[in-house]
Structure formats: structure tokens, C-alpha cells
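Chemist: Structure of the sequence below:
(chains A and B)
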Amino acid sequence: MFLQMARLGMREMLGRKRMTLSSILGIVVALFVFLSIEAITKGATQTFTSEDTGNLIVQQKGTLGEAGGSFLPIAYEATLRELGAQLVVPEIHAFGGSASETVVLFRGIPLESYASLEKFRMKEGSQLGPGDEGKVMVGSNIAEAKDLRPGGVFLYRGEEFPVKGVFETGTIADNEVWVDLDTASRLFNLGSEVSVFVIRGDEALTSRIEDALPVEVTKEFEAFETFNRALQGIILILRTVSAVMAIAVVLAIANVMFTVVRQRQREMAVLRSIGFGRAEMVFYVMVQAFVLSLLGFLVAVALAFLVIAPLKLETFGLVIKPSMDAGVLLGALLLTLVIGTLSAAYPARLAAGLNIAATMRQE
Amino acid sequence: MFRFAHIAVRDVLNYRLRSSLAVGGIAVIVAVFLLLSSVAEGIGNTLSGGATSARNIILIQKGTFLADSARLPREMVARAQELVPGSAVAPILYRHFRVEGEIVHLRAVPLESYRVVRDVELLGGQWLQRGNFIAVGESLANQQGWRVGQSLDVGGEPFQVNGIFRAGGAMDAEVWVTLKDGQRLLNQIDTFSTIHIQVPAERDLDGAKAALEGDSEIGRLADVYFESTYWDTANRSTAAVKNVIAMVGAIALIAIAFGIFNVANMTVWERRREIGIFKAIGLSRGAITGIYLLEGLILAGLGYLLGLILGVIAVLYLGSGVALVDLAVRPQLTPATILLGLGLAALFSIIGSYLPARRAAAAPVAETLREA
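Modeler: Reported below is the predicted structural model:
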């Protein structure tokens, strides 16, 4: 009997092709808006992705050393070793660029020792090493956004820097350009200062360092995790707004379902009188709503993959890539099921509660 | 079209449930559009100097658009004063800094000259003074719930909130300290992040800029911007994000077309006998089309009004600003956005109701009356 009701429901929808198509397209718009916002906000969150590398960052107190703004004398390197830090890598982190469109996050690294602490894999070309002064290694996001390849040239403030390789870390570092420490110091006029020291150590070492020097020790990427947390407010608002669109679709589909129930009252009364139960009536309405919603979901997902997924939004040297991952798709599917359920709920109840005799008499 | 407007109005009133659902749906879509557009507008204008003087020039270290990493030698202050006599010169220290565990923009300002260079309105408490006092921007204070007299941890040191200010734009999300306190906190005595220069009214602004750019030391070490240009350039960096959000908001309005199409379709189907009678008594195709176009416009108009109210409430609720990393985005509902939304809603309503209306008008009279 449920199969028969499903067939009836499909026939109903095919009998009103224009309205069915229009309803599906309305759902497509709402889900597309939802998917777009979800994908972009997820991409923005992932831009600030960090990893537990086990590294610690020694930075000027209160600052975000990894995002620039921390200045420490290079002489601290010797002090850190005396305090017991085994590996000490001085680095310069700074946003360079004389216009917002050309802002790039630089990392100045000592070519002989950075590989001992920094976790990355080479995607193309080879990594920087001693003798590669004046050359750069670029993160995969920046390489893609600015079309940089090994053998090419990175132009910065009129100076050409040969690109030796493209690296990938899976973290925000994929937005960075790495260059040797001396070149970075010259570019940012830092003299005998660096931004941070990257070290390995335990809590005891951290305490010794913070007691001996006017610095603070945090775990690597903590600066960007802070940015990520600070992003969540506006993300929540945007996601709420996009989900609210579903209310509009629920109302629109409910409108259609009410009309279907009203126009098919007589047929439903006849079906009830020959033995179809209330559950079958409910199923008749729900199956139409769900089919409309799921078809809308499929089209919206296809559109989102075509239009939103390929986007690359550059802002202040960071590349945001909308993320259409399983979580986003699952969220959209869940919303689709909610739309289907809510839009059909009351019309289905009306259909189930039909007074057979009164309906037959009326018609 | 308006001669038979009473028929359209009657239809809307007769099918109350259908009309209410349609109006409700359109209202939600419009509210979503207005809120997304307002947020996009706010993002696009977040980086601004607020009520800044049009006569301000900014010096920033060459090649460092963001001031955190910028270091201008202190001698540049005196040089700027020589090159632009009579100007108010304010050297600034600027850093992303941890206050109560939150990352905020910390701005260290010279007490004497900064209020000349910057229009600042004190909303509560007192202006800055030395000795571990801070002033907090209005947006930031509202977001974090910080009040005058409250003690806050600033980079590991206790500071007291002395005042809450409004300077407009990005500065309302900042914490200000005196330059002396800033130099101590940031351990930066001999250099500044930026230098702000307010050119006196009697001096030529372009000439002052040219003089600064032409100086051998300043020209070598610093980029020279008009302050408005600096903020306009900064805002371009958020253009991509702003445009995508605005576009998504506009796309949401397309759903109005489909909603109105369904309603018009249903109404035309249920009123087919009546339409047949209208045609039989002499109403033209244009008149019949007009009735259903008007019905769509009425629904869209009512939905737009309700959506506008919802949108305004939402924007007012978010009025004090939403945190975007270390900035405060103030959703801005502009007249242009409201008019654009109204225009698009009307357009999509016409598009949605046109086909059903034309079909109603084109249906043969005899068939329609027989069928019904």
C-alpha cells in the first residue's frame, strides 16, 4: 500500500510539472545559499589550521610572534641554549607588501637549521638549503594563488626572488613565503632582531625561559588558533542566517503541499474508504515533500561544486578556499531532511485527519 | 493593470493561508538578503579611519602595509615637522596584542597631539593618562563587556580602563594606551609603527605629500599615504569576501520568483472558471495578466515590508559589531541595499507570476468554462 501511495505521489508531482520544477528550484536556491556560506566559513576556519608539532615559540610578551609584531634580539639565541633549549631556530615572521592586494606572509629561516624543526613536504621542486640565499620556497596556497612554480620568480618590491620549491604543511603556513634569515632581516629592516625563536622543550624549560627573559613561550600556531577562535562569532551569524533560509523554503513547500491535499481531498477520501489508512495518507504527502527536497539537494550540491568550490578568496595574504567536505554536505543533507519533514508535517496531518463522509458529501 | 486591482486584493485575502505562507516565506528571504548584504557592507567598511580628517597623511615603513612589523626611526618625526611646518605630528605604536587573553589592536598614542589628528568622542570615563590606564573603543567594550574602572590584563600587566571612546571605523575595536606606556609594553623606544601628520588648512595637501615623498630619508624608508587612501586600499583586501557574501545574499532573492510562481499557479488553477467568466464578459488578456501580476506584486510587497522589519531588527541586534578576527564588523543597512532589495523582489515577483498570468489570459474561454 505504501508503494502504491509512493506511485500516486510521483504521479501527482509529474502531473504538476511546472509547480514541481519551481518547488525544486526554490529548494535549490535555499540549499545553494546554505552550502555557499558553509563552504566559505569552513574554508576560512581551515585557513587558520594548525598542527601539534611539539614546537614551542619564544616571542615578545603579549604579541603574536608568528603573525609579525614580535621583536627579539638575536643574542637571545645563546641565552636560550644556556637555559637548556636543545634546538633553537631564530625566525622572522612578517606581513610584507605595500598594498593590501600584495600582502604576503614572510618567514625568514636559517637555511642550515630550519628543517630540523619545521614540518613540511615538498610538493614541487626542492627545499632551501645553505647556499640558497636570496631564493624562496612558497607555500602551496600562495603558489596556486600567484601561479608560482619552481624555476619561476617571485617579485616583491621590485626585487626578483627565484622560486626553488613549493611546499605543503596542511596548515596556515601554506600561505607563506620562506626566505633565508638575512634576506628577511634586510627586507624588513630588522637589524640584529628576529621575530621568534622556535624551540623544543618541556614545562620546566618554559618556566626557566620566562623567568630569565622578558618573553613568553607558547605552542606553535597558537597565534593563528587565536585568530580562528576570534572568527567563530561572525561564522556563527552567517551560518545561522543561511540556515534560516530553510524556513522560507519550508513555508513555500508547505504551501504547495496544502494545495495538493486540498485539491486531492476527494481522491484521498475515496482511498480511505477502500481501506487505505491514515499512515498511507501521511506517507503520500511526505514522499512528495522528500522527493522535492532531495532533488533540490542534488542540484544545489552540483551547482555549489561548480560555482563555489573553485573559488579562491585572497585577503591580507591569506587564501581562503571554500571547503565542500563531507561535513558540509552532511549538514546540507540534514537541512534537506528537516525541510522535507517540516514542510509536509501539517499538510500530512490534515490529510490523515480527513473526515471521509463529510469530504465525499462536500464534493 | 490597476483597474481590476480589487480582484487581486480579494484573491490575496480569500486565500489567507496560502498568502500568509507566501508572505512569510518572502519575508524570511528578504531578511536573509538584507542581513547578508549588511554584513558584507560592514566587512567592506571595517577597515576605515572613521571620522578622520581629510587632511591626514600617514607614513609607514616601506613594504609593510600592515603596521605591526613597521619600524620608522624616531628622527622622522622631527623631519616631518620641518617639511610640513605647523602640522600636528603624532607618532604611533601599533601591535596585535593580548588583552585579557583576547587579541586586540593596541595603539599607543601621544597624549598631546593625537586628539588634534583624530576626531575622538569620549563616551564614558576620562581621556587617557599615564600610569597603566587604557581607553577602549566602543565596539570592543560592548563585545567584551569591558567597563570604565575595570582592571584588565594587558600583556601580563594590570591596566585600568579609564575611558570608552568612539573614533569610528576600525579604531572602535582598539585599545589605546599612552605612547610612553606603549613603548614600555612593546619594548620599542627608538622606532614607531606609523607617523600621522595633520596638514594645517592653509597648506597645500598635495604639496605636503610631495615634500615628504621627496625627502631623501623619508622617501627612502617610508611609504606616504593620504589617510583615506590608506584605508581604501586596506578595504580592497576584504573585497573578495565582501563580494561573495553580497552575491550569495542576492541569489537568495531568486527564491522569491519560484515561491510566487507556485502561488500564482495554484491561484490561476483554482480560479480558472472565474477567469473564463472574466474573458467572456470582455476583459482583455492584458487585464487578466495584470490581475495576477499585481497579485504577485502585492504578496512580494507585503513580504518585503515584513522582511525589512525583520532585517532591521536583526541589524540593530548586531549593531554594536560582530567580531571578525580582531576587527569589529558593524552590519550596515544602506538605503541603496534596501532599494536594490525592493527592486529585485519586485522583478522576481513579476518573473514568477508572468507565466501563470499569461497562461490564464491565453486559455480559451469555452474550454475553461467547460473544464471548471
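Chemist: What strand or helix carries B:Val39?
Modeler: Assigned by DSSP states H and E, B:Val39 belongs to helix B:16-45.
Chemist: Just give me how far that helix sits from the chain centre.
Modeler: Averaged C-alpha coordinates place helix B:16-45 at 16 Å from its chain's average position (CA atoms, centre = their mean, to the nearest Å).
Chemist: Check stretch A:11-22 too.
Modeler: 36 Å.
Chemist: Show me what counts as buried in that stretch.
Modeler: Judged by neighbour count using 16 or more other CB atoms under 10 Å in any protein chain shown, the buried positions of stretch A:11-22 are A:Glu12, A:Met13, A:Arg16, A:Met19, A:Thr20, A:Ser22. Placement of C-beta: from N, CA and C, glycine included.
Chemist: got it, and stretch B:235-242?
Modeler: Counting neighbours by 16+ other CB under 10 Å, stretch B:235-242 gives B:Asn235, B:Arg236, B:Ser237, B:Thr238, B:Ala239, B:Ala240, B:Val241, B:Lys242 as buried.
Chemist: which one of these sits closest to chain A?
Modeler: Chain A lies nearest to B:Ser237 out of the buried residues of stretch B:235-242, by CB to the nearest CB, at 3.4 Å.
Chemist: Hmm, that closest one is touching A:Thr315, no?
Modeler: Yes - between B:Ser237 and A:Thr315 there is a contact at 5.3 Å, judged by CB atoms under 8 Å.
Chemist: Need the residues touching each of those two.
Modeler: By CB atoms under 8 Å, 6 or more residues apart in numbering or on different chains, B:Ser237 and A:Thr315 have no common neighbours.
Chemist: quick revisit: so which of the buried residues of stretch A:11-22 is the closest to chain B?
Modeler: A:Ser22 (4.5 Å).
Chemist: Would it be right to say that that closest one lies in a helix?
Modeler: Yes - according to DSSP: H, G, I helix; E, B strand; the rest coil, A:Ser22 belongs to a helix.
Chemist: I'd say it and B:Asn262 touch.
Modeler: Yes - with contacts counted by CB under 8 Å, A:Ser22 reaches B:Asn262, the gap being 5.3 Å.
Chemist: Give me the next element, helix or strand, following the helix or strand hosting A:Met122.
Modeler: In this assignment (DSSP H and E), A:Met122 forms part of strand A:121-125. Counting by DSSP H and E, the next helix or strand C-terminal to strand A:121-125 is strand A:136-139.
Chemist: Could you pull up the residues touching the closest residue to A:Ser343 other than its chain neighbours?
Modeler: Take A:Ser343 and drop its neighbours on the chain: the residue closest to it by CB to CB, 6 or more residues apart in numbering or on different chains is A:Ile253, 3.5 Å away. A:Ile253 is in contact with A:Ser23, A:Gly26, A:Ile27, A:Ala289, A:Leu292, A:Ser293, A:Ile339, A:Gly340, A:Ser343, A:Ala344, counting by CB under 8 Å, 6+ apart.
Chemist: hey, which helix or strand in chain B has the poorest pLDDT?
Modeler: Considering only helices and strands, the least confidently modelled element of chain B by mean pLDDT, DSSP states H and E is strand B:322-324, at a mean of 65.
Chemist: re the thing from before, the helix holding B:Val39 near chain A at all?
Modeler: Yes - Helix B:16-45 is in contact with chain A by CB under 8 Å from any CB of the partner chain, via B:17-18, B:21-22, B:24-26, B:28-29, B:31-32, B:35-36, B:39.
Chemist: What distance do you get for the residue nearest to A:Ser343 to A:Lys321?
Modeler: Separation of A:Ile253 from A:Lys321 (CB to CB, to the nearest Å) stands at 33 Å.
Chemist: And B:Ile309, by the same measure?
Modeler: The spacing between B:Ile309 and A:Lys321, counted by CB to CB, is 37 Å.
Chemist: ok, the two, which is more surrounded?
Modeler: For B:Ile309 versus A:Lys321, neighbours defined as other CB atoms under 10 Å in any protein chain shown are more numerous around A:Lys321 (21 against 13).
Chemist: For the nearest residue to the more buried one once chain neighbours are set aside, what are phi and psi?
Modeler: With CB to CB, 6+ apart as the measure, A:Gly43 is the residue that lies nearest to A:Lys321, at 5.0 Å, once sequence neighbours are left out. With angles defined as degrees, to the nearest 10, A:Gly43 sits at phi -60, psi -40.
Chemist: Run through the residues that contact the closest residue to chain B within chain A.
Modeler: Proximity of chain A to chain B (CB to the nearest CB) peaks at A:Gly62, 2.7 Å away. Counting by CB under 8 Å, 6+ apart, A:Gly62 touches A:Glu216, B:Phe97, B:Arg98, B:Val154, B:Gly155, B:Gly156, B:Leu185.
Chemist: B:Gln198 now?
Modeler: Neighbour list for B:Gln198: B:Ser53, B:Arg55, B:Asn56, B:Ile57, B:Ser87, B:Ala88, B:Val89, B:Ala90, B:Val116, B:Val117 [criterion: CB under 8 Å, 6+ apart].
Chemist: out of the residues you listed, which is most surrounded?
Modeler: Neighbours here are counted as other CB under 10 Å. On that basis the top member of these is B:Ile57, with 26 neighbours.
Chemist: That one contacts B:Ala211, correct?
Modeler: No - using CB under 8 Å, B:Ile57 makes no contact with B:Ala211, being 10.1 Å away.
Chemist: Can you check which residues contact both of the two?
Modeler: Overlap of the contact sets of B:Ile57 and B:Ala211 (by CB under 8 Å, 6+ apart) consists of B:Val84.
Chemist: Let me see the ranges of the helices in the chain.
Modeler: No chain in the question, so chain A it is. Secondary structure of chain A, counting by DSSP state H: helices at A:2-15, A:17-47, A:76-82, A:140-146, A:181-187, A:203-212, A:222-263, A:265-273, A:278-307, A:326-352, A:356-362.
Chemist: was after chain B, sorry
Modeler: B:5-14, B:16-45, B:75-83, B:111-117, B:138-144, B:179-186, B:205-214, B:216-221, B:227-236, B:239-270, B:272-280, B:285-317, B:335-362, B:365-371.
Chemist: Select, out of these, the one closest to A:Val103.
Modeler: With respect to A:Val103, and counting by CB to CB, the nearest of the helices of chain B is helix B:227-236 at 9.6 Å.
Chemist: starting at the chain centroid, how far to the closest one?
Modeler: Distance, stretch centre to chain centre, for helix B:227-236: 15 Å (CA atoms, centre = their mean).
Chemist: returning to that earlier point: by neighbour count, which of the contacts of A:Gly62 wins?
Modeler: B:Phe97 (28 neighbours).
Chemist: How much space separates A:Arg157 from A:Phe106?
Modeler: Relative to A:Phe106, and taking CB to CB, A:Arg157 is found at 11 Å.
Chemist: can you check A:Gly165 too?
Modeler: Relative to A:Phe106, A:Gly165 is positioned 16 Å away (CB to CB).
Chemist: B:Ala240 touches A:Leu313, doesn't it?
Modeler: Yes - B:Ala240 sits in contact with A:Leu313 when judged by CB under 8 Å, with a separation of 4.2 Å.
Chemist: And the residue of the stretch 251-372 of chain B closest to chain A?
Modeler: Minimum separation of the stretch 251-372 of chain B from chain A (CB to the nearest CB) falls at B:Phe258, amounting to 3.6 Å.
Chemist: low pLDDT regions in the chain?
Modeler: Using chain A. A:98-101, A:362-363 (pLDDT under 70).
Chemist: ah, I was thinking of chain B
Modeler: B:1-2, B:47-53, B:320-328, B:368-372.
Chemist: mind checking the backbone torsions on whichever residue of it sits closest to chain A?
Modeler: Closest residue of chain B to chain A, CB to the nearest CB: B:Gly155 (2.7 Å). The phi and psi values for B:Gly155, taken as degrees, to the nearest 10, are phi 60, psi 30.
Chemist: can you tell me how far it sits from B:Gly286?
Modeler: Distance, B:Gly155 to B:Gly286, by CB to CB: 73 Å.
Chemist: ok, A:Tyr156 - contacts?
Modeler: With contact taken as CB under 8 Å, 6+ apart, A:Tyr156 is in contact with A:Gly96, A:Gly97, A:Val104, A:Val177, A:Leu187, B:Gly63.
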